[in-house]
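*Asks:* Here is my input, please return the structure:
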Amino acid sequence: MKVIPFQVPKTGQEAFRLQVDRLPYFYDRLHQHSEIQIMLIEKGEGTLIAGDYVGRFNAGDVYVIGSGQPHVFRSDESYYHSRNKKNAQATALYFDEHYAGENFWQLQELKDIRQFLGKVGTIRVEGKTLKEVASLIHQVMQSQKVIKLILFLQLLHVLAQSKNLKRLSVAPVQNLAQEEDKRMNDVLQFTFKQSNRKIKISEVASVANLSSEAFCRYFKIRTRKTYTNFLNEVRISHACKRLIEGEPNIQSVCYEVGFQNLSHFNRQFKKVTGKTPSKYLQQGK
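*Replies:* Here you go, the predicted structure:
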């Protein structure tokens, strides 16, 4: 899925680009770029959409986003209200084979790293690797010249060798015309803002300027899931947030995030998270 092309600033004289973002909320348009992105969430929480994956992100998480993978780190709605005085912060490394030159990435010593990077869709770093990778990212931030490059390569080596990586998405990228980019983003923005109420397919289809039948085909082809499944995943993401925050009333959360039936909510919650809401709530305490 071709979405908004995102240009990562670069000088042409660096092996990778280090970028620190401190914003009221993260960039909220579905976008893609040729660079591989390693992102450490320093502050903030919300919903990550990457390829065909939908799920929560929180402070302390580290993600690897593959080249050309459509994605958006959509901050929770509370970050859009200035009175809350919240802010989002992330440190990201961007790079591709053009940064250091294609010959560099073909070195035999980088074979394992090259093979790892070639298979990246969307990955979440977990377990003991998470702490190690986060530490290396901070060390890269504080270093200069050749030490900075050595630490960057060490970071890639750790990722390439780790068994503590969860593959979230390997969805292929499809190229669409520019008007399709806007259409998909309009649908996503509408869904995030209106997911707490009943949404008819005809209503979201009108946002996309399509008939209901055409919209269902359009969405399934681009995301590899039905709109109803996607909507449920967004709602479950919001439900996880409320349970993490300590809301003990599961039935209240069910209706708050947009479900009309508690048993349906329980089934969808377990389908998305692998756990029942009650078990999720207990583990969050």
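*Asks:* C-alpha from now on. contacts and neighbour counts both.
*Replies:* OK.
*Asks:* Tell me the secondary structure at the one residue sitting closest to the centre of the chain.
*Replies:* Compute the mean C-alpha point of the chain, and by CA atoms, centre = their mean the closest residue is Leu48, 3.2 Å away. Three-state assignment for Leu48 (DSSP: H, G, I helix; E, B strand; the rest coil): strand.
*Asks:* pretty sure it is in contact with Asp61, am I right?
*Replies:* No - counting by CA atoms under 8 Å, Asp61 is not a contact partner of Leu48; they are 11.3 Å apart.
*Asks:* Now the residue nearest to the centre of the chain. Nearest residue, chain neighbours left out?
*Replies:* Nearest residue to Leu48, sequence neighbours excluded (CA to CA, 6 or more residues apart in numbering): Phe73, at 4.7 Å.
*Asks:* and that neighbour, how many residues sit next to it?
*Replies:* Look at Phe73: counted by other CA atoms under 10 Å, it has 23 neighbours.
*Asks:* From the contact counts, what lies against whichever strand or helix holds it?
*Replies:* Per DSSP states H and E: Phe73 is located in strand 71-75. Packed against strand 71-75 by the contact rule (3 or more CA pairs under 8 Å, 6 or more residues apart in numbering; DSSP states H and E) you find strand 31-32, strand 46-50.
*Asks:* at 10 Å what do you get?
*Replies:* The contact analysis (3 or more CA pairs under 10 Å, 6 or more residues apart in numbering; DSSP states H and E) places strand 71-75 against strand 31-32, strand 46-50, strand 53-57, helix 178-194.
*Asks:* so which of these comes closest to Leu210?
*Replies:* Leu210 lies closest to helix 178-194 among the helices and strands packed on strand 71-75, at 9.8 Å (CA to CA).
*Asks:* and the angle for that closest one with strand 71-75?
*Replies:* 30 degrees (axes from the mean of the first three to the mean of the last three CA atoms, to 10 degrees).
*Asks:* please begin residue numbering at 42 from this point
*Replies:* In the new numbering, first residue 42, that becomes helix 219-235.
*Asks:* Output helix 219-235 in CSV, but only the C-alpha positions, please.
*Replies:* Once non-C-alpha atoms are left out, helix 219-235 reads as follows in CSV (Å, rounded to 0.1, in the frame of the first residue of the first chain):
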residue,chain,number,x,y,z
GLN,A,219,-1.8,9.7,-4.6
GLU,A,220,-5.6,10.1,-4.3
GLU,A,221,-5.7,6.6,-2.7
ASP,A,222,-3.2,7.8,-0.1
LYS,A,223,-5.6,10.5,1.0
ARG,A,224,-8.5,8.1,0.9
MET,A,225,-6.9,5.6,3.3
ASN,A,226,-5.8,8.3,5.7
ASP,A,227,-9.3,9.8,5.8
VAL,A,228,-10.7,6.4,6.7
LEU,A,229,-8.1,5.9,9.5
GLN,A,230,-8.6,9.4,10.9
PHE,A,231,-12.4,8.8,10.9
THR,A,232,-12.1,5.4,12.6
PHE,A,233,-9.8,6.7,15.4
LYS,A,234,-12.2,9.5,16.2
GLN,A,235,-15.5,7.7,15.9
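*Asks:* returning to that earlier point: can you pull up the bridge partners for the residue nearest to the centre of the chain?
*Replies:* Beta bridges link Leu89 to Gly96, Phe114 when assigned by DSSP bridges.
*Asks:* so how far is Gln156 from it?
*Replies:* 25 Å (CA to CA, to the nearest Å).
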